[in-house]
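Engineer: Sequence and predicted structure are below.
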Amino acid sequence: MINDFIKYSDSLSNQVTLVHSSEAVSVLDRLNREQPDRIYFKSIYRSGSLSETTICNVCLRPTQQPVCNYTDLRTGEPWFCYKPKNLSCDTRMNHFTGGFIKNLKTKEEKLFQRGFNLKVSIQGRGPSNVVVLPKEDGQLNVKTSSSVPSGYYYQGVWRTLGGPTVSQLNRSAITQCLKGKVVHMYGDSTIRQWFEFLDAALPGLKEFDLHTPQRVGPLISLDYENNIMVTYRCHAPPIRFGHNPTRQLRYIANEIDDLIGGPNTVVVVGIWAHFCTNPIEIYIRRLQSIRRAVVQLLNRAPETLVIIRTANLKALTLYQTITNSDWYSLQRDKVLRAMFKGLKVHVIDAWEMTLAHHLPHDLHPQPPIIKNMIDHILSYICPHKGG
């Protein structure tokens, strides 16, 4: 199998990592079934000098307290808040993370110990190195698995298997590639990383101050000379950012529905990290609305370029494990790939690009990985241009 996708001769080392024990996975599964509200959110309601704060979530536990229903009329995406005692539902001002409830049972924390049973390397009894030899003429292909990596790193550069050639573009080449383009980025902070990378890398691209929080956005950068516009907008709740005005809470599907599209439009979507504590059905419903919007966009403007970012691996503390474990991310990553399979979209495989790199796993991958991701995106935008 190695000879089928490794294109160079070298000595490789194998590494096997235990992310979670089966007992730990059972706990993670139970938490999402029994405590989907362990990360909760809040909203401030205000009218004149009167102000109240209530708890919000997609999964609100039934109480005697009335509920404000903020289900989106266009997508059908549900969201609820407990109604304030003295204010109406239409006085809601913002959305923000309320906190986290850790309800592990006795001794369950011991299943998530760093350096012991949480993301630990399993040492083999024999040598871990594999020598890859060049394929000989006439040699038969032996296929032992249906799972093939999407690419690999060689001398620090990501090389895809089956996709376009990924070139290392310099600033001038990136500018020429994006000339005349509008790039809309929608999603979480891992998508915002791409916006920030382009904003910092291109001297002609200047961020226009919309007086919005950097973490939340919306953000927009413009290069007037080369007619380039890059935008970022975070997805609607559940999202664990700071105070976000309710007027800025937008669903990705609605944003895509409002686009005209065309050959100079690039749409980038990445949504996964903030859905890990919810039942998988909630994530599926969100992706279904985005998929519908993408299908309609490509029907009316088939030359529009749509790029989907997958989930990626991350460092795990106890908090990260029971809210954003790689096991949760893997389940959502499988759903994401299945949801967009068969559509005219391009996938940036952030999972493989972080797994294969020597840098430590991080929710927000380090700059060398981000640079490779951007180069991969640009290889779809400008498949015949190098730099």
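Structural biologist: Alright, I've got the coordinates. In this text, all values refer to a predicted model and were calculated from it rather than measured experimentally.
Engineer: Output the longest helix belonging to this protein.
Structural biologist: The longest helix of the chain (DSSP state H) is helix 280-300.
Engineer: What residues sit buried inside it?
Structural biologist: 282, 283, 286, 287, 289, 290, 291, 293, 294, 297, 298 (16 or more other C-beta atoms under 10 Å). For every residue, glycine as well, the C-beta is placed using N, CA and C.
Engineer: same question, stretch 221-238
Structural biologist: Result for stretch 221-238 [16+ other C-beta under 10 Å]: buried residues 221-223, 228-238.
Engineer: ok, so of these, who is nearest residue 271?
Structural biologist: residue 235 (5.2 Å; C-beta to C-beta).
Engineer: who's in contact with that closest one?
Structural biologist: By C-beta atoms under 8 Å, 6 or more residues apart in numbering, the contact set of residue 235 is 186, 187, 188, 250, 251, 252, 271, 274.
Engineer: Outside of the longest helix of the chain itself, list whatever touches it.
Structural biologist: 32, 36, 58-59, 75-77, 251-254, 256-257, 259-261, 267, 269, 271-272, 275, 304, 306, 331-332, 335-336, 339-340, 343-345.
Engineer: quick revisit: when you check the buried residues of stretch 221-238 against the strands, which ones overlap?
Structural biologist: 221, 222, 223, 228, 229, 230, 231, 232, 233, 234 (DSSP state E).
Engineer: re the thing from before, can you name the two of the buried residues of stretch 221-238 that are farthest apart?
Structural biologist: 223 and 238 (33.8 Å).
Engineer: can you give me the helices for the stretch 51-200 of the chain?
Structural biologist: For the stretch 51-200 of the chain, applying DSSP state H, counting those that start in this stretch gives helices covering 171-178, 189-201.
Engineer: could you redo those helices as TSV and give each row mean pLDDT?
Structural biologist: TSV is the format used below for the helices of the stretch 51-200 of the chain (pLDDT from 0 to 100):
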stretch	mean pLDDT
helix 171-178	94
helix 189-201	96
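Engineer: Could you dump these into a markdown table with distance to residue 165 added?
Structural biologist: A markdown table is the format used below for the helices of the stretch 51-200 of the chain (distance: least, C-beta to C-beta, whole Å):
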| stretch | distance to residue 165 |
| --- | --- |
| helix 171-178 | 14 |
| helix 189-201 | 20 |
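Engineer: out of these, nearest to residue 111?
Structural biologist: helix 189-201 (27.0 Å).
Engineer: okay, the angle between the closest one and helix 171-178?
Structural biologist: 120 degrees (axes from the mean of the first three to the mean of the last three C-alpha atoms, to 10 degrees).
Engineer: and the next helix or strand after helix 189-201, what does it pack onto?
Structural biologist: Moving toward the C-terminus from helix 189-201, the next helix or strand (DSSP states H and E) is strand 206-208. Where contact means 3 or more C-beta pairs under 8 Å, 6 or more residues apart in numbering; DSSP states H and E, strand 206-208 is packed against strand 219-223.
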